[in-house]
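Visitor: I would like to see how this sequence folds:
(chains A and B)
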Amino acid sequence: AQSVTQLGSHVSVSEGALVLLRCNYSSSVPPYLFWYVQYPNQGLQLLLKYTTGATLVKGINGFEAEFKKSETSFHLTKPSAHMSDAAEYFCAVSGPGTYKYIFGTGTRLKVLA
Amino acid sequence: NAGVTQTPKFQVLKTGQSMTLQCAQDMNHEYMSWYRQDPGMGLRLIHYSVGAGITDQGEVPNGYNVSRSTTEDFPLRLLSAAPSQTSVYFCASSKTGYEQYFGPGTRLTVT
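Guide: Numbering: from 1, shown residues only, chains lettered A, B, ... in the order given. Below is the predicted model:
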């Protein structure tokens, strides 16, 4: 069985500050992990993914995430927040041989001027 | 490429009515899926397909039917709409089964 927990349904940061969005997972198989972003009234867009290999993965718009097996975590970070980063972010888990994605409940990021 | 397209964008139904949400993709992706998004619950998988003629249930399949007669199209049918099916519905497709491309969504209200 797989599950995803995103800590904090709402996160606020100042423009230029570090963005840290937390995601913890559980999986009975080696996890494939994803972060998606959703802007208002739009579909989801893939930010980055981890399947195998390097545990630090870089995505679009300056975001990156690190897969930490010992902590069962895949937190999303960005060194310096921009106003355009305001959106809802979803962590998701899948696994080899399964097409069933499990999404977290989402974290809405607000960027303060 | 148009990517993943969904129609309609908005729909209001009365309880008991049936309808079909359309989804099409022009990327020749084998994998397609339907999700519903509800506040505070993230996205939940309704049905998915790994190729033409092959479908399977996701997390919340009750009240929904799908079929996949072509690679391009994956319609979602609501057999008898209920207020609990008020939601935003997203279709997604994938070449690999992992990275997904999402459509813009259909906002459905059932009164």
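Visitor: what about the closest residue to B:V4 other than its chain neighbours, how many residues nearby?
Guide: Spatial nearest neighbour of B:V4, excluding adjacent residues (CB to CB, 6 or more residues apart in numbering or on different chains): B:G103 at 3.8 Å. The C-beta positions use only the backbone N, C-alpha and C, and glycine is treated the same way. When neighbours are counted by other CB atoms under 10 Å in any protein chain shown, B:G103 registers 25.
Visitor: residue contacts, B:G103?
Guide: Neighbouring residues of B:G103 by CB atoms under 8 Å, 6 or more residues apart in numbering or on different chains: A:G43, B:G3, B:V4, B:T5, B:Q6, B:C23, B:F90, B:C91, B:A92.
Visitor: same deal with A:Y89?
Guide: A:Y89 makes contacts with A:Q6, A:L21, A:W35, A:Y36, A:V37, A:Q38, A:L47, A:L76, A:G106, A:T107, A:R108, A:L109, as judged by CB under 8 Å, 6+ apart.
Visitor: doesn't it lie inside a strand?
Guide: Yes: under DSSP: H, G, I helix; E, B strand; the rest coil, A:Y89 sits within a strand.
Visitor: and it, what's its pLDDT?
Guide: pLDDT recorded at A:Y89 is 97.
Visitor: who's A:L48 bridged to?
Guide: A:L48 has these beta-bridge partners by DSSP bridges: A:W35.
Visitor: and the closest residue to chain B within chain A, how many neighbours does it have?
Guide: For chain A and chain B, the shortest gap (CB to the nearest CB) falls at A:G43, measuring 3.4 Å. For A:G43, the count of nearby residues is 22 (other CB under 10 Å).
Visitor: now do the one 5 residues further on
Guide: For A:L48, the neighbour count with other CB under 10 Å is 19.
Visitor: thought it was touching A:V57?
Guide: Yes: using CB atoms under 8 Å, A:L48 makes contact with A:V57 at a distance of 5.0 Å.
Visitor: which residues do those two both contact?
Guide: Joint contacts of A:L48 and A:V57 (CB under 8 Å, 6+ apart) are A:E64, A:A65.
Visitor: leaving out sequence neighbours, find the closest residue to the most far-flung residue of chain A relative to its centre.
Guide: Residue farthest from the centre of chain A, counting by CA atoms, centre = their mean, is A:A113 at 23.0 Å. Leaving aside its sequence neighbours, A:A113 sits nearest to A:E15 (CB to CB, 6+ apart; 5.7 Å).
Visitor: ok, the closest residue to B:Y48 other than its chain neighbours to B:R77 distance?
Guide: In space, and not counting its chain neighbours, B:Y48 is closest to B:S33: 3.9 Å by CB to CB, 6+ apart. Here B:S33 is placed at a distance of 15 Å from B:R77 (CB to CB, to the nearest Å).
Visitor: ok, now B:N28?
Guide: In terms of CB to CB, B:N28 sits 24 Å off from B:R77.
Visitor: between those two, which one's more packed in?
Guide: Looking at B:N28 and B:R77 with other CB under 10 Å, you find the greater number of neighbours at B:R77, namely 14 against 10.
Visitor: helix, strand or coil for the more buried one?
Guide: strand.
Visitor: wait, it sits on B:S18?
Guide: Yes: counting by CB under 8 Å, B:S18 is a contact partner of B:R77 at 7.0 Å.
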